[in-house]
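> here are the coordinates; sequence isn't available:
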DNA sequence: TATAACTAGTTGTCTATACCAGTCAGAAAA
DNA sequence: TTTTCTGACTGGTATAGACAACTAGTTATA
């Protein structure tokens, strides 16, 4: 499992071995992984070498250490890293609210000019268009429209209904690299007012997000209309 | 400089010592810092301990290593990270607009409850209250109110008019550590409408920012009302 | 029974040492 | 003069061991 004659550093090999077990689901979230001393004995390396491997994985967010207890597999990675940026679900949970979604429509269609530009595709290319109402404690919070190029992923309604779009992205072997987001204040139009259960002309927060893969290709364009009276966008910038 | 009897880990003390030299400007960007072996000898600790300190600073983006050459101070970090978060001026410049300010009022007053809580001071404590209109290409963009505890800094009108508040902070030897920000959509009230030259009831973006020093003390509370029709808040999340 | 002390297991900190792998300048050889 | 080599520097990898700090369960004690 570990090749001491390889030019690859031992700690790196151990790192990959652990990452694989996590990615393959052998070690699930919250699982305690073997202790540093166990690793050291099994792989016949020093404990410090094991620590270097684990340290890197902790820095990358794969693992969490707890003094006196052990080292544990972190919750899913993408959700953590782009927290608040990608996931309505996580955003609401962190505020102590119960998130839910109601699918309004799901269809394949051709990209109109504005969307095509954002997704860097041709105007007549087929895309998925997903419209959802996002709820917190059963109160409508936002109206969200997502656009995804259909040549990237194979999607159907059940994917959207039960799980995260991002787990599908992962399954397809794609990795999200970064996202850009814009926020602006506006006044609700007729269409949104009804769905969000607010009066026409009420304040709304328009959030537009574009997510990019490590390949450089845009994965999605998400446009959300949040209720101004119920939603506050929070952001922390450290050091 | 390093206290071996302290309960603080040695690597942490070394970390802080290096950070200080960087923050104080003693070691500028691109400067090569002493080698790991030098540190070890000077502080009378093992090289591995020095490496742990440096590793953390590399992970935090303060330093970069180059095998065979040395370890170097990274380009300025605070400006990078907090850019667009702290400075209206920089924000506008990056959009190709010409920023300007018009001072509406500058006074010493006592903190009301809400402000006192945010600044973590007592309700009757003296604070500066600075009200400004922020302009971009001579068009009113935002109405900004800043609150700063008066025991932290000595401020007067000319400080505000000519320069940045932040250069005063620096002069006083303080270092900004992090900031939290919230954004929400609302409807303009009478008072702002006039100043921002918009109709009452137009969409506005309320931005509230709290800035904290490395000492843990809040430096300022800033409340801004941005015109919804002219301002879009942009944010990039990488990795 | 309730509390205190112990114990085995965990990660955290630290040492002293060794050798490997790039970098660069100056000495030696062509 | 130009090229090559050598040596002294840098950070990178790895070892073996020690003790501290914390956790949780067990055992001894009041």
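That came through fine. This is a predicted model, so every value here is computed, not measured.

> tell me which parts of chain A are close to DNA strand C?
Counting by CB under 7 Å from any atom of the strand, the residues of chain A lying close to DNA strand C are A:7, A:33, A:35-38, A:47-48, A:51, A:65-71. Quick note: C-beta positions are derived from backbone N, CA and C, even for glycine.

> tell me how far stretch A:116-126 is from the chain's mean position?
23 Å (CA atoms, centre = their mean, to the nearest Å).

> and the average pLDDT for it is what?
Mean per-residue pLDDT for stretch A:116-126: 94.

> with stretch A:188-201 instead?
Rounded mean pLDDT across stretch A:188-201 is 92.

> which members of the residues of chain A next to DNA strand C are the farthest-apart pair?
The largest separation in the residues of chain A next to DNA strand C, counting by CB to CB, is between A:7 and A:68 at 36.7 Å.

> and of the residues of chain A next to DNA strand C, the nearest to chain B?
residue A:48 (8.1 Å; CB to the nearest CB).

> other SSEs contacting the helix or strand that residue A:145 is a member of?
Using DSSP states H and E, residue A:145 maps to strand A:139-149. Counting contacts by 3 or more CB pairs under 8 Å, 6 or more residues apart in numbering or on different chains; DSSP states H and E, strand A:139-149 is packed against helix A:88-94, helix A:113-119, strand A:126-136, helix A:190-196, strand A:218-227.

> ok, back up a step: so which of the residues of chain A next to DNA strand C reach DNA strand D?
A:47, A:48, A:66, A:67, A:68, A:69.

> residue contacts, the third one?
What it means is residue A:66. Residues in contact with residue A:66, defined by CB atoms under 8 Å, 6 or more residues apart in numbering or on different chains, are residue A:72.

> beta-bridge partners for it, please?
Beta-bridge partners recorded for residue A:66 (DSSP bridges): residue A:70.

> what does chain A put close to chain B?
Residues of chain A lying close to chain B by CB under 8 Å from any CB of the partner chain are A:59, A:81-82, A:85, A:177-187, A:201-205, A:226, A:228, A:231-239.

> if you set the cut-off to 7 Å instead, what comes out?
For chain A, the residues in contact with chain B (CB under 7 Å from any CB of the partner chain) are A:59, A:81-82, A:85, A:178-187, A:203-205, A:228, A:231-239.

> my guess is residue A:22 meets residue A:73, correct?
Yes: counting by CB atoms under 7 Å, residue A:22 does reach residue A:73; the two are 5.6 Å apart.

> check which helix or strand covers residue A:107.
strand A:99-110.

> how close does residue A:36 sit to residue A:42?
11 Å (CB to CB, to the nearest Å).

> those two: who's more crowded?
Per other CB atoms under 10 Å in any protein chain shown, whichever of residue A:36 and residue A:42 has more neighbours is residue A:36, with 19 against 13.

> OK, contacts around that one?
Going by CB atoms under 7 Å, 6 or more residues apart in numbering or on different chains, residue A:36 touches A:47, A:50, A:51, A:54.

> report pLDDT for the first one.
Right, residue A:47. So residue A:47 comes in at 96 (pLDDT).

> low-confidence stretches in chain A?
Chain A contains residues with pLDDT under 70 at A:76-86, A:162-164, A:238-239.

> returning to that earlier point: list the contacts of the strand holding residue A:145.
Strand A:139-149 is contacted from outside by A:115, A:119, A:121, A:125, A:127-135, A:155, A:192, A:195-197, A:219-227, A:230-231, using CB under 7 Å, 6+ apart.

> give me that answer again for 8 Å
Taking CB under 8 Å, 6+ apart as the rule, strand A:139-149 contacts A:88, A:92, A:111, A:115, A:118-119, A:121, A:125-135, A:155, A:165, A:192, A:195-197, A:218-227, A:230-231.

> so residue A:129 touches residue A:105, yeah?
Yes: applying CB atoms under 8 Å, one finds residue A:129 in contact with residue A:105, separated by 7.3 Å.

> more neighbours: the two, which one.
residue A:129 (17 against 10).

> tell me which residue in chain A sits closest to DNA strand D.
Residue nearest to DNA strand D within chain A (CB to the nearest atom of the strand): residue A:68, separated by 2.5 Å.

> mind telling me what element that residue is part of?
Using DSSP H and E, no helix or strand contains residue A:68.

> helices - which of the contacts of residue A:36 land there?
Within the contacts of residue A:36, residues falling in helices by DSSP state H are A:47, A:50, A:51, A:54.

> helix or strand: which one has the closest residue to the first one other than its chain neighbours?
Read it as residue A:47. Counting by CB to CB, 6 or more residues apart in numbering or on different chains, residue A:40 is the residue found nearest to residue A:47 once chain neighbours are left out, at 4.4 Å. Counting by DSSP H and E, the element that carries residue A:40 is helix A:36-43.

> for burial, what's the neighbour tally of residue A:132?
20.

> where's it relative to residue B:198, distance?
32 Å.

> same question, residue A:186
13 Å.

> what does residue A:149 give?
38 Å.

> just residue A:57 next, same as before
Counting by CB to CB, the gap from residue A:57 to residue B:198 is 51 Å.
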